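>>> Please find the sequence and the predicted model below.
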Amino acid sequence: MNSDWLKNGVSPSGFGEWHSDQTRPTRQAIVDSQQKLKQIWYLERAVVVSRSVGRVLFPDGAHFATCFLVAPNLIITNHHVFGKVEDTQGVRIQFNYRQDEAGVLELETVDEYSCNPRIFLTDQTLDYSLVGLTKKAKVRWGFLPTRHGQSAPPGSHVAIIQHPSGEPLQVAMRDNSLMYEDNQTIEYLTNTDYGSSGSPVFNDNWQLIALHSQRVRDPKIKDHDEWYRNRGIKISAILQNKAIDKLIPR
């Protein structure tokens, strides 16, 4: 566990720079030419995929992250959350840590699991860790398909379901344009917070496309730290690891 990262966030300069020729004011005037109306299934699908998203609670009760199921007994989160297998000791993985429709957090409905240290694959460059659970998660939580073959083109919308600052489950789906992609990463404007590390990133059809990783700074603004994009690691890049490819269901 990188406790400084999880509790205080990255350094003011962030890690790396985003890819763009745009100047700073562009962030304030994004023109969305896409139709804003949605079919009602869009909301129903959001609820379904949200069930697979869990809260990572460290033993000290002061550090949090997010994870999600990619198999009944497998979660994925960031390398900077679980950098080594010892980081998983005493950690609780909680599903259904959310408020109900009345805004009430009902802790008795939270479903907790422990990590299985015998299943642990990590990659610092792509900032992911695949971790086993000591038992299969309940069927009601499902898991997120990883091999649907769909992506999200630049300029489209991406949404993130997350536990920002360890809070009950939330979703960011406003001001969420995808601004850049390459073979391994995407960059987007979707809001996150500390504790959102390890969240799933979805395209506009609620298909999993990336693992949220970190914020990046504007390369043109050297003396300010308030202008950021977020960066995620493509699931397709993570699946290039043959060991992971064998573990995740097809």
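Here it is on my side, so go on. Numbering: from 1, shown residues only.
>>> The residue most central in space within the chain: what's it in contact with?
Among the residues of the chain, residue 199 comes closest to the average C-alpha position under Cα atoms, centre = their mean, at 1.5 Å. Taking Cβ atoms under 8 Å, 6 or more residues apart in numbering, we find residue 199 in contact with 53, 66, 68, 160, 161, 162, 163, 192, 211, 212. Where you see a C-beta, it was placed from the backbone N, CA and C, and this is true even at glycine.
>>> For the nearest residue to residue 171 once chain neighbours are set aside, give its distance to residue 47.
Beyond its immediate neighbours in the sequence, the residue positioned closest to residue 171 (Cβ to Cβ, 6 or more residues apart in numbering) is residue 161, lying 5.0 Å away. Residue 161 sits 10 Å away from residue 47, taking Cβ to Cβ, to the nearest Å as the criterion.
>>> what about the two, which has more around it?
Here residue 161 and residue 47 are compared on neighbour count by other Cβ atoms under 10 Å; more neighbours surround residue 161, at 26 against 11.
>>> wait, the more buried one sits on residue 190?
No: applying Cβ atoms under 8 Å, one finds residue 161 not in contact with residue 190, separated by 10.6 Å.
>>> Show me the contact partners of the longest helix seen in the chain.
Longest helix in the chain by number of residues, with DSSP state H as the criterion: helix 41-50. Residues from elsewhere that reach helix 41-50, judged by Cβ under 8 Å, 6+ apart: 98, 142, 144, 159, 161, 169, 171, 173, 200, 202, 205-206, 208.
>>> May I ask which of those residues has the most neighbours?
The member of those that has the most neighbours, counting by other Cβ under 10 Å, is residue 200 with 28 neighbours.
>>> The closest residue in space to it that isn't next to it in sequence sits in which helix or strand?
Take residue 200 and drop its neighbours on the chain: the residue closest to it by Cβ to Cβ, 6+ apart is residue 68, 4.6 Å away. Of the helices and strands defined by DSSP states H and E, residue 68 is found in strand 64-71.
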